[in-house]
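>>> okay, predicted coordinates and the sequence, questions at the end:
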Amino acid sequence: MEKMIIRKNTGNEADIDAALNIYNSNKDFLLHHIGRDSVDRGFITNELHEMKDHGFISNIVYDEENPVGVLDYMLQKDGSAYLSLMMLDFKYQKAGRGKSLFRLFENQMINAGAKTIRIDVVNDHEPNVIPFWEKMGFEGKEQQELTWGDKTSRVLVMIKNIEN
């Protein structure tokens, strides 16, 4: 496997197109998270602005020069990182890249001084990705509701301690 890198989404046309293609390759994800099976450039642009306004950093993940994923997170002053979104292009899933991408992100957060990583996993449908996150070392802490777009979903808040 090539070497993945995480680069900030600058909001230029190439980054928006990359994010748009990655989102739209994940129709089931979109249906379960926002209630529709595709998004447009306006949605991606709005997400970038909303994430920035809330203190998140939006990124495109590259494998060599190919965009293969999106990753949004916030590193908070209390030493916690909040991983809001980690999504691989559908054609790159089920090949170990999700695990590799998370390990890359985790190492970046350790190097940045984070002590924990939090994720909110939508778990009101089957199959869901809770088993993946448990394999990555996360523990479920509490149920909450999360609204994204027009859809409200049940989520499991999961935490991983990464403090050395």
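It's in.

>>> so what strands line up beside the helix or strand bottoming out on mean pLDDT in the chain?
Averaged element by element with mean pLDDT, DSSP states H and E, the chain has its least confident helix or strand at strand 139-148 (a mean of 81). In the sheet containing strand 139-148, the strands it pairs with under DSSP bridges are strand 151-161 (antiparallel).

>>> gap between the closest residue to V121 other than its chain neighbours and E142?
Distances taken as Cβ to Cβ, 6 or more residues apart in numbering put L156 closest to V121, at 5.0 Å, once the chain neighbours are dropped. Where you see a C-beta, it was placed from the backbone N, CA and C, and this is true even at glycine. L156 sits 8 Å away from E142 when distances are taken as Cβ to Cβ, to the nearest Å.

>>> higher neighbour count, those two?
Neighbours were tallied for L156 and for E142 using other Cβ atoms under 10 Å; the higher tally belongs to L156 (20 against 9).

>>> contacting residues for that one?
Applying Cβ atoms under 8 Å, 6 or more residues apart in numbering, we find L156 in contact with 120-121, 123, 130, 140-143.

>>> what's the per-residue pLDDT of it here?
On the pLDDT scale, L156 is placed at 88.

>>> partners of it in the sheet?
In this structure, L156 has the following beta-bridge partners (DSSP bridges): V121, Q143.

>>> quick one: it and F138, what's the gap?
As judged by Cβ to Cβ, L156 and F138 stand 9 Å apart.
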